[in-house]
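>>> coordinates for the following, if possible.
(chains A, B, C and D, ligands or ions: 4)
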Amino acid sequence: MTEMRFGKALGQALEDAMAADDSVMVFGEDVAAAGGPFGVTRGLLEKFGPVRVRDTPISEATLVSAAVGAAMSGLRPVVEIMFMDFITLGMDGLVNQAAKARFMFGAQSSVPMVLRTPHGGGLSAGPQHSQCLEAWFAHVPGLKVVCPATAADAYGLLRAAINDPDPVIFVENKSIYARKEQVPDVLEIVPIGQARTAREGRDATIVAYGAMVQTSLEAANTLSEDGIETEVIDLRSIQPWDEKAVLDSLSRTHRLVIVHEAVEAFGVGAEIAARMADIGFDELDAPIVRVGAPFMPVPFAKPMEDRYRPDSNRIVDAVRRVLA
Amino acid sequence: MTEMRFGKALGQALEDAMAADDSVMVFGEDVAAAGGPFGVTRGLLEKFGPVRVRDTPISEATLVSAAVGAAMSGLRPVVEIMFMDFITLGMDGLVNQAAKARFMFGAQSSVPMVLRTPHGGGLSAGPQHSQCLEAWFAHVPGLKVVCPATAADAYGLLRAAINDPDPVIFVENKSIYARKEQVPDVLEIVPIGQARTAREGRDATIVAYGAMVQTSLEAANTLSEDGIETEVIDLRSIQPWDEKAVLDSLSRTHRLVIVHEAVEAFGVGAEIAARMADIGFDELDAPIVRVGAPFMPVPFAKPMEDRYRPDSNRIVDAVRRVLA
Amino acid sequence: MMLLVRRVEERLSSLFSDGEVPGFIHLSIGQEAVAAGVGSALEQKDTVASTHRGHGHALAKGIELDSFFMEIMGRDTGMCRGRGGSMHVADMSVGMLGANGIVGAGIPLAVGSALAHQTRGNGAVAVAFFGDGALAEGVLHESFNLAALWKLPVLFVCENNGWSEFSPTSRQFVANVRDLAGAFGIESEQVDGNDGEAVALAAAAHVEAARAGGPRVLECITRRVRGHYEGDPQKYRDDGDADPQSDPLARSIARLRAAKVSDTDIQSIETDLMSEIDAALSAARAAPPADFRAARADVYSPGSAA
Amino acid sequence: MMLLVRRVEERLSSLFSDGEVPGFIHLSIGQEAVAAGVGSALEQKDTVASTHRGHGHALAKGIELDSFFMEIMGRDTGMCRGRGGSMHVADMSVGMLGANGIVGAGIPLAVGSALAHQTRGNGAVAVAFFGDGALAEGVLHESFNLAALWKLPVLFVCENNGWSEFSPTSRQFVANVRDLAGAFGIESEQVDGNDGEAVALAAAAHVEAARAGGPRVLECITRRVRGHYEGDPQKYRDDGDADPQSDPLARSIARLRAAKVSDTDIQSIETDLMSEIDAALSAARAAPPADFRAARADVYSPGSAA
Ligand SMILES: Cc1ncc(C[n+]2csc(CCOP(=O)(O)OP(=O)(O)O)c2C)c(N)n1
Ligand SMILES: Cc1ncc(C[n+]2csc(CCOP(=O)(O)OP(=O)(O)O)c2C)c(N)n1
Ligand SMILES: [Mg+2]
Ligand SMILES: [Mg+2]
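Residues are numbered from 1 along each chain as shown, chains lettered A, B, ... in the order given. Ligands and ions are numbered 1, 2, ... in the order given. Coordinates of the predicted model:
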């Protein structure tokens, strides 16, 4: 095992993917010379040169669509959108072009592109620099959506995303870029679509992704002190998501809590809950409870933002509710 | 009662709103001289002149944001986006500006704008002219989302949306523009956020909105021949949605089916199901079943599109499933 | 090529009236010289991103006629297996990256394609076709800038037919293409888009310049003879009938005659074409309908998760 | 005004280092002449849409100092009740439509505001501030076109400080502002953005022209003295130290001196200002923290459904 930061694992994945495949290129605002706003792409320009690693103007719409066009013409572009909030400017390329090209052209070709983007709060960055918008993309047939919770998965899923023939939205929680973790000496590719059991437990299932996996594990530890053993499923991949893993866990625990940092209403958790209220209905011994952000923009002031983001107390309360 | 087309009711609402309030203005691509791609805005230019009714260039991003700026400066703009698919180009103005302005500026002002846009298939218009993307907006705190099912509501909800101090996304199903209906002689404003019981029934509840309300009523009639009486709740408003009306109905029927034309996965129905699997759990006697489009882009060829769009057979099957 | 596009679209027009073609179709009758002229300047490895009015661009890039008709008529054997229709005709094998239902969307796609060509060093050029209406979309600006900044091998072709749907260009866009391109240091040229030879010559020059590195802009002034879409009653329009002198096809035939091509030869080209079209149409009519299950299975690549 | 902006931002810089200001802050030190000069040309009814670097624009439009500090320090009594912070300072009562976290987003907002002014016939002008980095965003193009087409009363002010975050303008944008505006038939002027008087004069002329009908563009060449955000180590930068001669504040003080304003008078302005700032800061420190429940209640208008 070695110690590695979450952000560094991403950079390593980019480096290894670029070394393995000439057609992988990286572009985005300040990703080359400056090494990225969060340092993820540091060193790539020096290693792979200015043809394959490019700083771009502030033109999100064209960056995204150019990635689509490049992917249709033999490259595997990895484009970065500096904050997920700015993806509002690049929706057409993703939704009307990348997502549909394979289907709409009769499977003549795929669009092997990756869009990396950070979501989430914790930096007092305010309402336009903190949003979690992944639910939008999960609703769009043709896109895949991934969100790693650990450094090992950050590496493994990003490698998988780059290898994937279809467009992948790769979401990184910005509050954990600097977090250090133990990772295996040899990092492995992690297939898209398979959840991970982050903790086993018999009493209730928590489904989470991204930074909230760690928060859920903290909640599980707290609950464990009272003899309540929760299983924590790290979804890893949101579209497709591992329905079977969730259903299997639910079939053992019969109680379900779903956690994400995104706004609760109409979020990713809604689909998981809805699906389990259908195919998992007979397994349910209690209401399905979601823990997400309240229905409001992300507030700036630190105490407000702290209260806004789901924390382990809220998860503990939710688990207690499904066990009541 | 008089006969009126769905599209005409919308035009009437615009006309009455403009007559009632000088600050209401209408703009969009080909809405003035040509009267709108579906004829909804026909006659407005002649009645209210080229200052208040404007044809625009094809610049969706700027049209949406200009509506926001205009609404911050004393107007009540009604902007049209010709097909909902093109809203991908105007997301920033909606999500980062309109939705957040009131909150983010400490409630100094609201953004009284309406964005009208048609969704849905049925015209063989293909993957980029048929999408139902309302779930995206329902996930964004600060936006309201409305989708009428009848001509009377088309009128009443559009008047309410224009009067509303907050930004409203007004979604119109394009397959019913030309449908004729009986409407009261005097059309009334319909408050946003209140569902309508389109049909009473004791055996199961169907929740639907937009064009699918009619399809659900057809399904209910079919079921009624077998003695199954379904209640059909027309949601009317998606954000906010009338949780109480749905819960009340569920508390009587104990069985729930949710129907929309949008893709089922991560759609509006997911939130309703998730919410009922939480607060309505004790009322549920059966799995919650959703009927929506399959997880694929809207196909072009007519037989494929027909199979893609939910029809009353699929709704009948779903109701039978929850009654099984 | 012009003749092919014309006759194909005339046939589509009557098929549409007869209800054999579903959805919206946007014909380029009167504008064929643009597609044919630009197409003549391209190699197979070059790529094209097109518009909602893309039949001509697609045919000129070398797509196959049978599967074209099949697509527009929604058959399983259509080039897109009946999932896209008229607005999405595409054939990756000949570098036709697709007609596009989103105005302006082809512009940054072509820029991306050019980025791939440049990065891979394959000497190919990407072409973006777009109408005068698309001039108002912000991606044009972003794409001009990025292409100029990175010296990408891309040719921007503005097909200026004077109309955006039901509105004349003058009520849509105030800049002219040349000044706009010039602001980005991009060389541009305006040509008579109804003169096939002029388009071909200009396109050849600009394609080669773009291939050598750096974007070019070609504006082709042309005329939309039909309505915006088939079935458009065009009540908004009173710009007179098309001047027969300016018809690109008539001009090109006149040129052939002037070059002493005999009427019989011209007639035989036409006859061959018509029978090709007839054959394609019969094949399309006989083709199986689009396959829903196959479509459902093609949202993602096989073997990939989902 | 320049002095106010400078001293306020210097104070913010030290507050930020001390951890009293959360989040990101982008200072306009060295660029004050733009805000002050343009602000001096505006009336109360005029509106301003600004950028992430908007403190100066806000102060110059007449926002109140106490609630400004309170906002940036996240207090309930801040102008935005602690929900927006530095990147969202706004005061509708003085026509300050907000700083903005989205590069370029203020441009079409100002166009919309100008549309309201024109439609209501109230004789007001809207101003869009934006940086050189925003030149690459497509909304600029769309907004130039719409404003020119509709002859809207809007002044576009490009604050060109040579940098977009960590990248120089030359690696971002190839067009120049004048040619770009010119392509749309919009008159523009480039001024020394570090010369308060020059900015004020030019702004006054263009604001009045815009008021009479039709957009104008003013490009102000200036210098970002600090990093992109506070805490930016600026390793990427080697464009030398700021030339003290070009400092807008020093120049404006020199001008005052040349106009025979005495050092004591200048000193007393400064002293007054500092005590105003001290007072605002004390008030902000004493102010109650932002109120979560009130925030939750303010997503929609009261009484409206939700
Ligand atoms: C983003 C977007 N906005 C609007 C439309 C609707 N629309 C289709 S074609 C068209 C006019 C396009 O005009 P132009 O680019 O000149 O092409 P032409 O039809 O003249 O070939 C419009 C507004 C669209 N398809 N996409
Ligand atoms: C749409 C969008 N893209 C990217 C960013 C990140 N970002 C913030 S400021 C900035 C540079 C802006 O440069 P410029 O417009 O010149 O303003 P300056 O910082 O120089 O005042 C960038 C890229 C953003 N906030 N919004
Ligand atoms: Mg045109
Ligand atoms: Mg700058």
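>>> alpha carbons only for contacts and neighbour counts from here, please
OK.
>>> shouldn't C:Val48 be within a helix?
No. Under DSSP: H, G, I helix; E, B strand; the rest coil, C:Val48 falls outside any helix and is assigned strand.
>>> from memory it sits against C:Ala124, does it?
No. Under the criterion of CA atoms under 8 Å, C:Val48 lies out of contact with C:Ala124, with a separation of 10.8 Å.
>>> who has more neighbours, these two?
Neighbours were tallied for C:Val48 and for C:Ala124 using other CA atoms under 10 Å in any protein chain shown; the higher tally belongs to C:Val48 (32 against 24).
>>> what score does residue 208 have for pLDDT?
I went with chain A, as the question did not name one. With respect to pLDDT, A:Ala208 scores 99.
>>> was after chain C, sorry
C:Glu208 is assigned a predicted lDDT (pLDDT) of 98.
>>> before we move on, which element is the closest residue in space to A:Ala98 that isn't next to it in sequence in?
Ranked by CA to CA, 6 or more residues apart in numbering or on different chains and with sequence neighbours excluded, the top spatial neighbour of A:Ala98 is A:Val68, at 5.7 Å. Secondary structure here is read from DSSP states H and E; on that basis A:Val68 sits in helix A:60-72.
>>> mind listing what's buried along that helix?
Of all the residues in helix A:60-72, those buried under the rule 16 or more other CA atoms under 10 Å in any protein chain shown are A:60-72.
>>> now tabulate these in CSV and tack on distance to C:Gly112 and pLDDT.
Putting these into CSV (distance: CA to CA, whole Å; pLDDT from 0 to 100) gives the following:
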residue, distance to C:Gly112, pLDDT
A:Glu60, 13, 98
A:Ala61, 12, 98
A:Thr62, 8, 98
A:Leu63, 8, 98
A:Val64, 9, 98
A:Ser65, 7, 98
A:Ala66, 4, 98
A:Ala67, 6, 98
A:Val68, 7, 98
A:Gly69, 4, 98
A:Ala70, 4, 98
A:Ala71, 8, 98
A:Met72, 9, 98
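>>> for the residue of the stretch 151-300 of chain A found nearest ligand 2, what are its contacts?
With distances taken as CA to the nearest ligand atom, the stretch 151-300 of chain A approaches ligand 2 most closely at A:Lys174, which sits 14.5 Å away. For A:Lys174, the residues meeting the contact criterion (CA atoms under 8 Å, 6 or more residues apart in numbering or on different chains) are A:118-121.
>>> generate a PyMOL selection restricted to the buried subset of those residues.
With 16+ other CA under 10 Å as the criterion, this PyMOL line picks the buried residues out of the contacts of A:Lys174:
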select buried, chain A and resi 118+119+120+121
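>>> format the contacts of A:Lys174 as CSV; extra columns: secondary structure, pLDDT and distance to D:Ala210.
Formatted as CSV, the contacts of A:Lys174 follow (DSSP: H, G, I helix; E, B strand; the rest coil; pLDDT from 0 to 100; distance: CA to CA, whole Å):
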residue, secondary structure, pLDDT, distance to D:Ala210
A:Pro118, strand, 98, 40
A:His119, strand, 98, 40
A:Gly120, coil, 98, 41
A:Gly121, coil, 97, 41
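>>> make a markdown table from the contacts of A:Lys174 and add distance to ligand 1 to it.
Rendered in a markdown table, the data for the contacts of A:Lys174 read as follows (distance: CA to the nearest ligand atom, whole Å):
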| residue | distance to ligand 1 |
| --- | --- |
| A:Pro118 | 27 |
| A:His119 | 27 |
| A:Gly120 | 30 |
| A:Gly121 | 32 |
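>>> closest to chain D among the contacts of A:Lys174?
Compare each of the contacts of A:Lys174 with chain D using CA to the nearest CA and the shortest gap goes to A:Gly121, at 10.5 Å.
>>> chain D versus the residue of the stretch 151-300 of chain A closest to ligand 2, what's the distance?
In this view, A:Lys174 and chain D are 13 Å apart by CA to the nearest CA, to the nearest Å.
>>> how much space between that residue and A:Met84?
For A:Lys174, the distance to A:Met84 (CA to CA, to the nearest Å) stands at 10 Å.
>>> may I see the buried residues of the longest helix belonging to chain C?
Scanning chain C for the longest helix, with DSSP state H as the assignment, gives helix C:263-286. Neighbour-count burial for helix C:263-286, counted by 16+ other CA under 10 Å, picks out C:273-274, C:276-277, C:280-281, C:283-285.
>>> cool, and stretch A:190-203?
In stretch A:190-203, the ones that count as buried by 16+ other CA under 10 Å are A:190-199, A:201-203.
>>> what's the burial count for C:Leu180?
23.
>>> and the strand or helix carrying C:Ala294, average pLDDT?
Element membership for C:Ala294, per DSSP H and E: helix C:292-297. Rounded to a whole number, the mean pLDDT of helix C:292-297 is 97.
>>> with stretch A:153-167 instead?
Over the span of stretch A:153-167, the pLDDT mean works out to 98.
>>> ok, whatever residue of the stretch 101-250 of chain C ends up closest to ligand 4 - contacts?
The stretch 101-250 of chain C approaches ligand 4 most closely through C:Asn145 (16.6 Å), counting by CA to the ion. Contacts of C:Asn145 were listed using CA under 8 Å, 6+ apart, and they are C:184, D:136, D:173-175.
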